[in-house]
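In: 3D model of this:
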Amino acid sequence: MGGWYDDADDFSPPENFHAFIPGHTFGQYLSGLARAYAVTGSPATQEKVHRLVRAFAETVEPSGKFYRGYHLPAYTYDKTSCGLIDAHEFAKCPDALDVHWRATQAALPYLPEKALNRAEQRARPHTNVADTWDETYTLPENFFLAYQRSGKAEYRELAIRFIEKDYFGPLAEGQNVLPGEHAYSHVNAFSSAMQSYLVLGDEQYLRAARNGLQFVHDQSYATGGWGPDEAFVEPGKALLDASLGTTHASFETPCGAYGHFKITRYLLRVTRDSRYGDSMERVLYNTIAGATPILADGTSFYYSDYNNSAKKTHHRDKWPCCSGTFPQLTADYGISSYYRSQDGIYVNLFVPSRVSWMQNNSQCKLTQTTDYPRSATTQLAFAMPRPETFTVYVRIPAWAGAKTSVAVNGRRSETAVEPGKFLPLRRTWNDGDRVEIEFEMPLRLESVDNENRNNVALVRGPLALFAVGEIPARITRQQLLGAAKIAQSSHDWSTQTDSGVLTLRPFAAIMSEGYRLYQRVQA
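Out: Here you go, the predicted structure:
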């Protein structure tokens, strides 16, 4: 295949990443296909998953020869584990769990005795710097899932063995231990904390995940992206602002969005706190929705660029890690949109979609029609075989203005609309009922960090607006907040400045042109 995926001897970082981790994304492609089958019901996709599992099974050697001298055994095994679990769960592959057990036995001799952070790995003997980049601290999530799917107690024991207690303990107590850590893998580790909480029932892991994600939010860009140069920065030192002039690797987008969606889904399900839905949609529209597609030769979008002189580019190497998370992401969009509860359904994302579920033994269907977030409205239409009483919970984003309104069958809801919470609409629903939501999306300015309050991004609703074309040297806050849409059918916004018109557009509408997220404003 080329790039990172090849098996060769010329890997020599940082200059040459060819043959970095051969086979690393196989499990992610398997996972993406299994999830795609769950979405589409395509028999050809299901058969492909089954065929890949059978072929992979033929390569699994008890000796684990594949991992001998391998740079990131935990990383690649974890992706393989995810793919086989999903093949069983979503594509109904009958032998996937047996193959998973064999693959686990092959990998175990090459895993350490516990989760190791990167400092611990650097302190141990290693032949290549890449050997210190493994991600054993992400293993518990899939080990716990394998335990739940198979019932094998050994998986539960392995999950506990690789919980990074030295990391989760301080986070649970509110200590920010993120600065300097590899960003994506540690956000991904929050999902292991959540599985630890769900399986073991220990609330310290829930606190660790909540506090950890809050620390991430505290140092996120206006897009919701985080981790310049793939690392968390130390707060209070203006380092996020500094990154705008030093790097074009602002956010590891497909991988980062994948990890971000996972942890926000976990926390949304457990806490029902709508802020996690707000966080999810911000990352969706401002990062991954603007990523360019993977090309057939493995050319992939990797980093979102928030540099003061930014452009969209592809990664230099073929088939990097982000080429594996991208197909998982695209299959997963639907599972972030709606959530079930005993008393009804939660509407989390405002996307053109259909969902069906059983409510009191009735097959209920909901169709959402919208052009959100370009449009500020969405409509929910219900199809019911008979009247049923339940609650529809609609997420009202924290940024929603006071004029946000919700109407049921043309009549404004009597329930107060409260930004930053789910709005409960409880009634007896009938076939043909509809809910219409209109959001007030006021323009606002968000500073890059507390130390640079005059370096701001213009944001409307969930959308960050990027300056394109000629950018004036002098812009005021009032001028940015005076931006207006060029036309109803256009993505572009414009505002008059002292030296001409400034054009702004969302990330998904940017192609090859240069752009800038943050503008330094005058009073």
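In: burial count for the residue nearest to Thr495 when sequence neighbours are not counted?
Out: Using Cβ to Cβ, 6 or more residues apart in numbering and skipping residues adjacent in sequence, the residue nearest Thr495 is Ala483, 4.0 Å away. Heads up, the C-betas are built off the backbone N, CA and C, glycines and all. Per other Cβ atoms under 10 Å, the neighbour tally for Ala483 reads 19.
In: Use 733 as the first number from now on
Out: Happy to do that; since the first residue is 733 now, the last one works out to Ala1215.
In: Would you quantify the distance from Ala891 to Val931?
Out: Going from Ala891 to Val931 by Cβ to Cβ, to the nearest Å gives 7 Å.
In: now Ala1240
Out: In terms of Cβ to Cβ, Ala1240 sits 37 Å off from Val931.
In: for the stretch 933-1082 of the chain, what spans make up the helices?
Out: Secondary structure of the stretch 933-1082 of the chain by DSSP state H, counting those that start in this stretch: the helices cover 935-950, 971-978, 985-1003, 1007-1018, 1054-1064.
In: Please convert the ones you listed to CSV, extending it with distance to Pro794.
Out: Below are the helices of the stretch 933-1082 of the chain laid out as CSV (distance: least, Cβ to Cβ, whole Å):
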stretch, distance to Pro794
helix 935-950, 34
helix 971-978, 47
helix 985-1003, 31
helix 1007-1018, 41
helix 1054-1064, 26
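In: how about the ones you listed, which one is nearest Thr1031?
Out: helix 1054-1064 (8.8 Å; Cβ to Cβ).
In: Only alpha carbons, please: show that closest one as CSV.
Out: C-alpha atoms of helix 1054-1064 as CSV (Å, rounded to 0.1, in the frame of the first residue of the first chain):
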residue,chain,number,x,y,z
CYS,A,1054,-5.7,9.4,10.3
SER,A,1055,-6.6,7.3,7.2
GLY,A,1056,-7.9,4.7,9.6
THR,A,1057,-9.9,6.9,11.9
PHE,A,1058,-11.5,8.8,9.0
PRO,A,1059,-13.7,5.8,7.8
GLN,A,1060,-14.7,5.0,11.4
LEU,A,1061,-15.8,8.6,11.8
THR,A,1062,-17.9,8.7,8.7
ALA,A,1063,-19.7,5.6,9.7
ASP,A,1064,-20.3,7.0,13.2
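In: in this protein, which residue is closest to the centre?
Out: Note on the chain: the residue nearest the mean C-alpha position is Ala989, at 2.7 Å, using Cα atoms, centre = their mean.
In: residue contacts, Pro1204?
Out: Listed by Cβ atoms under 8 Å, 6 or more residues apart in numbering, the contact partners of Pro1204 are 1229-1232, 1234.
In: run the last query once more with 10 Å
Out: Pro1204 is in contact with 1211, 1227-1234, 1251, counting by Cβ atoms under 10 Å, 6 or more residues apart in numbering.
In: looking at this, it is in a helix?
Out: No: assigned with DSSP: H, G, I helix; E, B strand; the rest coil, Pro1204 falls outside any helix and is coil.
In: mind checking how far it is from Gly1232?
Out: Taken as Cβ to Cβ, the span from Pro1204 to Gly1232 is 6 Å.
In: Figure out which of the helices of the stretch 933-1082 of the chain is closest to Ser1107.
Out: Here helix 1007-1018 is closest among the helices of the stretch 933-1082 of the chain (Cβ to Cβ), at 13.0 Å.
In: Okay, angle between the closest one and helix 1054-1064 too, please.
Out: Put simply, helix 1007-1018 runs at 120 degrees to helix 1054-1064, going by axes from the mean of the first three to the mean of the last three Cα atoms, to 10 degrees.
In: Off-centre distance for helix 1007-1018?
Out: 9 Å (Cα atoms, centre = their mean, to the nearest Å).
In: May I see the buried residues of that helix?
Out: 1007-1018 (16 or more other Cβ atoms under 10 Å).
In: quick one on the thing from earlier: would you check how far apart the residue nearest to Thr1227 and Arg1237 are?
Out: 11 Å.
In: just Ser924 next, same as before
Out: 38 Å.
In: Then Leu840?
Out: On the measure of Cβ to Cβ, Leu840 and Arg1237 end up 50 Å apart.
In: Kindly report the same for His1046.
Out: Taking Cβ to Cβ, one finds His1046 at 21 Å from Arg1237.
In: neighbour-wise, which of the two wins?
Out: For the pair His1046 and Arg1237, the greater number of neighbours falls to Arg1237 (22 against 16), based on other Cβ under 10 Å.
In: residues contacting that one?
Out: 1195, 1197-1201, 1218, 1222-1226, 1243, 1245, 1247.
In: Can you select the buried ones from these in ChimeraX?
Out: Those of these that count as buried under 16+ other Cβ under 10 Å are selected in ChimeraX with:
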select :1195,1197,1198,1199,1200,1223,1224,1225,1226,1247
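In: hang on, Phe749 packs against His1047?
Out: Yes: when contacts are counted by Cβ atoms under 10 Å, Phe749 is listed as touching His1047 (9.5 Å).
In: So for those two, which residues contact both of them?
Out: 735-736.
In: which stretches of the stretch 983-1132 of the chain form strands?
Out: Under the criterion DSSP state E, counting those that start in this stretch, strands of the stretch 983-1132 of the chain are mapped to 983-984, 1035-1036, 1070-1073, 1076-1079, 1085-1091, 1094-1102, 1109-1115, 1120-1128.
In: That's all I had, so thanks and see you.
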